[in-house]
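Peer 1: just to be clear, the model below is a prediction. Sequence and coordinates:
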Amino acid sequence: MLSETAFRVGDRHVRVNLEPVPYLKRDVEERICDFDEVILGFDGELAIEEALRCMQCPEPQACTLNCPAGNDIPEALWLISQGRFVEAAQVFAATSPLPEVCGRVCPNLCQEGCVLSTRRGAASIGKLEAFVADVAREAGALAIPVPATRSGKRVAVVGSGPAGITVAEDMVKLGHEVTVYEAWPEPGGVLVYGIPSFKLEKHVVMRKIRDLEEAGVTFVTNTRIGEAITLDDLQEEYDAVFLGTGAGVEARMDIPGEDLQGVYTSTDFLIRANVPEAMRPADKKEPPQIGRRVAVIGGGDTAVDCARSAIRLGATDVTIVYRRTEAEMPGNAKERAICLEEGVRIDYLQAPVEYIGDEQGRLRAMKIVPMTLGEPDRSGRRRPVPMEGAEFVREVDTVVLAVGYWPDPLLGERTPDLATHKWGLILADETVGATSREGVFAAGDNVHGPDLVITAIAAAHKAAASMAAYLEGQPVPRPAPPETKQ
């Protein structure tokens, strides 16, 4: 093993030519038969070997700059290379409350900045992060420190996804009393109810929830704020409120036949397929009823998740139908490659225009129109244009709609002075997380739209810092409400 001095300063010409260390992954034939995690990652020996590849670049280090949360990646990888796994995990945990989650599901923006990308391949930062976080969590070394003296302030957190977990941890560390409200039957939000188990097993999230509970955080589940309990009610009871409700309302295409039996929305399908029955809401206890032929409509990571779930449920002909080409596809290319490896097909430049049912109201086919690409739209991607007169019908037993998400509009509709915009996104200053209502803060997907776990964490840290200042009586700038709510 290289000495510390040689590792951190010299011998870079040696390390730059070290071959990447393959991480462990389950065989296709085995993994498609269950919902257990596919990526096994590293063991201790392999982790040390891979971490030794880190160049320990001088500041500013591109990997850290690329991470929205600013993880000190070179320091963590140095500790891993020395076998100091718990200390490495604590470095990651200093800036991210969910290192074991980000290591599994983040598309690894940090790795995109790694200088080794241009040589033999970036260091496997995400897999290393997940490994050391698991080691440290199992050892109880990531317990949340809380002050002996409480502040006397009470904070409500709405939503227990990545943003809500981040704010809850930041607040309880400051000695505030924290209560988290979650609409689903169990805490975890999208981490439990939106991400399949073969990418992130539920127990990984539950360990974090347990640590938060041991630190004093209270979770109230099966409670959707805006129904029996309003935002006004929360503000009467708490000194500050954080809204981390995400973007969980599924978009629809509004084409004929969407109400047929056999047509699922993505969240409904993923919950029924992936979440243990005891954790599902009452209206989703039954598993999805699928046939041999499954079509998933959409091109993002959720579409890939649904297709891989369908394979595990026994479908033998699973197709992702996407209206653009692979070049415009918004999802993670590595996840897409795993999906293809498991037997899923992708049909590009196609879009359904009608779902066709039988006399019993059960889906039996869909009408598809081929597409061609026109000029770029506002997203910068070329706009799909239907090829008139070229429609055809494909037999299909099950369709899953994975065409996008919107934020839940309920809070905005029930709270007139909580400013929203762009289809229900909460208007908040993303540098401080303040909303138009005093004492109410927001961050994550309900502010900037569907994005990454680490992006929500980074924004939530900023909102938590502003909440802390507000609770101390410091002024926090709030955005001016728009003239009319949309």
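Peer 2: Cool, the structure landed.
Peer 1: for the lengthiest helix in the chain, buried residues please.
Peer 2: Ranked by number of residues, the top helix in the chain under DSSP state H is helix 453-471. Neighbour counts using 16 or more other C-beta atoms under 10 Å place 453-468, 470-471 of helix 453-471 among the buried residues. In short, each C-beta sits where N, CA and C put it, glycine included.
Peer 1: now do stretch 467-484
Peer 2: The neighbour-count check on stretch 467-484 (16+ other C-beta under 10 Å) flags Met467, Ala468, Tyr470, Leu471, Val476, Arg478, Pro479, Pro481 as buried.
Peer 1: what packs against the longest strand seen in the chain?
Peer 2: Counting residues, the longest strand found in the chain (DSSP state E) is strand 363-376. With contacts taken as 3 or more C-beta pairs under 8 Å, 6 or more residues apart in numbering; DSSP states H and E, strand 363-376 sits against strand 350-357, strand 382-386, strand 392-395, strand 398-401.
Peer 1: where does pLDDT dip in this structure?
Peer 2: Residue ranges of the chain with pLDDT under 70: 1-10, 480-486.
Peer 1: does Gly140 belong to a helix, a strand or coil?
Peer 2: coil (DSSP: H, G, I helix; E, B strand; the rest coil).
Peer 1: and it, how close does it get to Ile80?
Peer 2: Gly140 sits 19 Å away from Ile80, going by C-beta to C-beta, to the nearest Å.
Peer 1: likewise Asp239?
Peer 2: Counting by C-beta to C-beta, the gap between Asp239 and Ile80 amounts to 41 Å.
Peer 1: more neighbours: those two, which one.
Peer 2: Ile80 (29 against 17; other C-beta atoms under 10 Å).
Peer 1: so what's the nearest residue to the more buried one once chain neighbours are set aside up against?
Peer 2: Spatially, and ignoring its direct neighbours in sequence, Ile80 is nearest to Ala51 (3.8 Å; C-beta to C-beta, 6 or more residues apart in numbering). Applying C-beta atoms under 8 Å, 6 or more residues apart in numbering to Ala51 gives the contacts Leu77, Trp78, Ile80, Ser81, Ala123, Leu128.
Peer 1: could those residues go into TSV alongside secondary structure?
Peer 2: Shown next, in TSV, are the contacts of Ala51 (three-state DSSP):
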residue	secondary structure
Leu77	helix
Trp78	helix
Ile80	helix
Ser81	helix
Ala123	coil
Leu128	helix
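Peer 1: from those residues, which is closest to Leu260?
Peer 2: Nearest to Leu260, judged by C-beta to C-beta, of those is Leu128 at 46.2 Å.
Peer 1: how many neighbours does the closest one have?
Peer 2: Neighbours around Leu128, by other C-beta under 10 Å: 30.
Peer 1: for it, give its distance to Ser117.
Peer 2: Applying C-beta to C-beta to Leu128 and Ser117 gives a distance of 16 Å.
Peer 1: count of neighbours near the residue nearest to Gly189 when sequence neighbours are not counted?
Peer 2: Nearest residue to Gly189 in three dimensions, chain neighbours excluded: Gly161, at 2.9 Å (C-beta to C-beta, 6+ apart). By other C-beta under 10 Å, 29 other residues sit near Gly161.
Peer 1: how near is Gly161 to Met171?
Peer 2: 16 Å.
Peer 1: helices of the stretch 251-400 of the chain, residue ranges please.
Peer 2: Taking DSSP state H, counting those that start in this stretch, the helices of the stretch 251-400 of the chain run over residues 266-274, 301-312, 333-341.
Peer 1: what's the most distant pair in the buried residues of stretch 467-484?
Peer 2: The two members of the buried residues of stretch 467-484 with the most space between them (C-beta to C-beta) are Ala468 and Pro481, at 24.1 Å.
Peer 1: tell me the contacts of Ile209?
Peer 2: Here Ile209 is in contact with Ser160, Pro187, Gly188, Phe219 (criterion: C-beta under 8 Å, 6+ apart).
Peer 1: Ala163 versus Cys114, what's the distance?
Peer 2: Applying C-beta to C-beta to Cys114 and Ala163 gives a distance of 27 Å.
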